[in-house]
Every structure is written in structure tokens, then in C-alpha cells.
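Colleague: Got a sequence here, can you model it:
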Amino acid sequence: MSMSYTTNESETFSIIHARRIASRVATDLLRFQSFYGFPSDKSIDDYEEELAVLLNHDVLAWVVYGFQRDGKWTEATVRYTALPGGTLVANDDPGKIRPNLDIAGAHFTSFLDYNANWSNKSQAERAAIAAQRPFTRGTGSEPPLENGYWVNDLNYTAGGRGLGRATARRFG
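Modeller: The predicted model follows:
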């Protein structure tokens with residue numbers, strides 16, 4: 001005689017899950033700080049809080065953090081793309097930021113884009129989300145890579161949602 005059983009587990013995404021994912025990104029940013037001296041502790045805290053707010057409201061399409069030179073991302077850059085809810089991927093440990101990359105003449109910055117959920121929100125809803133963020137972002141066009149391509153390498157997940165990380169790599 002054999003027996004089997006099935007269990008279902010349901011979890012609602014919350015600010016706690018958003019903070020868990022954002023903390024992994026903050027760990028990556030601390031590695032940048034360790035290797036390159038930037039971003040500052042205050043900037044890391046602000047980026048982490050902003051990311052948690054955007055993830056909690058499910059309005060982030062992607063965000064890039066890294067060094068720009070002449071308006072282009074250098075190889076010392078990471079990109080996080082929001083994974084669709086219910087995507088089953090491993091929850092990786094943060095880190096693996098590469099040291100000793102050329103950042104001469106570059107500055108640390110960030111750029112993000114919103115998903116369709118942002119456009120579907122009312123002006124009042126967008127204003128309420130913006131009020132929760134630690135800083136205000138401007139608008140602009142997505143900067144290109146200086147020389148190279150994106151390589152998907154890690155995933156950070158919690159509560160059925162997550163971010164896929166890609167690192168910039170140089171051609172040749």
C-alpha cells in the first residue's frame with residue numbers, strides 16, 4: 001500500500017520580502033564600495049530603501065547601478081531585472097562583484113525604468129509611492145554600455161518575486 005499527499009503553500013508578497021531582496025542588492029553595492037570606494041553608506045541605504053519601495057508596489061522593470069564614463073556604463077556595473085511573480089529560480093547568495101576593473105574618470109550612479117504597473121497607477125498613487133522614496137530621480141534616456149554585453153549571473157528572490165542580476169562584460 002502506498003500513500004501520497006500534497007501540500008499547497010501560499011505566501012503574499014510584502015514589504016518584508018521586498019526588503020529581503022533589496023538587502024541582497026545592498027550587499028552587492030557594499031562590495032562595490034569595498035573594491036572601488038563608492039557608493040557611500042548613505043547612498044547604499046537610500047538605494048536599498050528605494051528598491052524595497054518599488055518592489056513592494058511591483059512597479060520596477062529594471063535598475064542599473066555602477067560606474068559611468070562619458071555617459072556610458074563601464075564594466076563595473078550590474079543590472080537587476082524584476083522577475084515575473086511565480087518565477088521559480090534559485091535564491092542566490094549576493095556578491096561576486098569583480099574587483100580591479102577600470103573606473104578611471106568614471107562616477108557611480110544609477111538608472112531605472114518602471115514596468116507597466118507604474119503607468120496603470122493614478123497620479124495620486126504614483127505620488128504616494130514617490131513620497132516613500134528617500135530621493136527623487138530625474139528623467140532621461142538609458143545609457144548604453146561602454147563596450148560589451150550583459151551576462152545573467154544571479155537571482156535574488158523572496159515571497160514569489162525576485163530580481164535577476166546581470167553583470168556587464170567587455171568584448172574581447
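Colleague: hmm, who's touching the helix or strand hosting residue 52?
Modeller: Counting by DSSP states H and E, the element that carries residue 52 is helix 41-56. The contact list for helix 41-56, computed with CB atoms under 8 Å, 6 or more residues apart in numbering, reads 13-15, 17-19, 21-23, 25-26, 29-30, 33, 39, 60, 63, 65, 80, 82, 108, 110, 112, 114, 129, 132-135, 161, 163. Where C-beta positions appear, they are placed from N, C-alpha and C, glycine not excepted.
Colleague: any idea which helix or strand comes after it?
Modeller: Once the chain leaves helix 41-56, the next helix or strand it forms, by DSSP H and E, is strand 60-69.
Colleague: Following the chain onward from that next one, which element is next?
Modeller: Past strand 60-69, further along toward the C-terminus, the next helix or strand under DSSP H and E is strand 72-83.
Colleague: next SSE after that next one?
Modeller: strand 107-114.
Colleague: Quick check: mean pLDDT of the next helix or strand after that following strand?
Modeller: Sequence-wise, the next helix or strand beyond strand 107-114 is helix 116-120, with elements assigned using DSSP H and E. Mean pLDDT, helix 116-120: 97.
Colleague: Same check on stretch 124-141?
Modeller: Averaging pLDDT along stretch 124-141 yields 96.
Colleague: can you give me the end-to-end distance of that stretch?
Modeller: 25 Å (CA to CA, to the nearest Å).
Colleague: Report the buried residues of it.
Modeller: For stretch 124-141, the buried set under the neighbour-count rule, 16 or more other CB atoms under 10 Å, comprises residue 129.
Colleague: got a list of contacts for it?
Modeller: Outside of stretch 124-141, the residues within contact range by CB under 8 Å, 6+ apart are 45, 46, 49, 50, 53, 54, 57, 59, 111, 112, 118, 121.
Colleague: again, 10 Å this time
Modeller: With CB atoms under 10 Å, 6 or more residues apart in numbering as the contact definition, stretch 124-141 has outside contacts at 15, 42-43, 45-54, 56-57, 59, 71, 110-112, 114, 117-119, 121-122.
Colleague: Are any of the contacts of helix 41-56 buried, and if so which?
Modeller: The buried subset of the contacts of helix 41-56 (16+ other CB under 10 Å) comprises 13, 17-19, 21-22, 25-26, 29-30, 33, 39, 60, 63, 65, 80, 82, 108, 110, 112, 114, 129, 161, 163.
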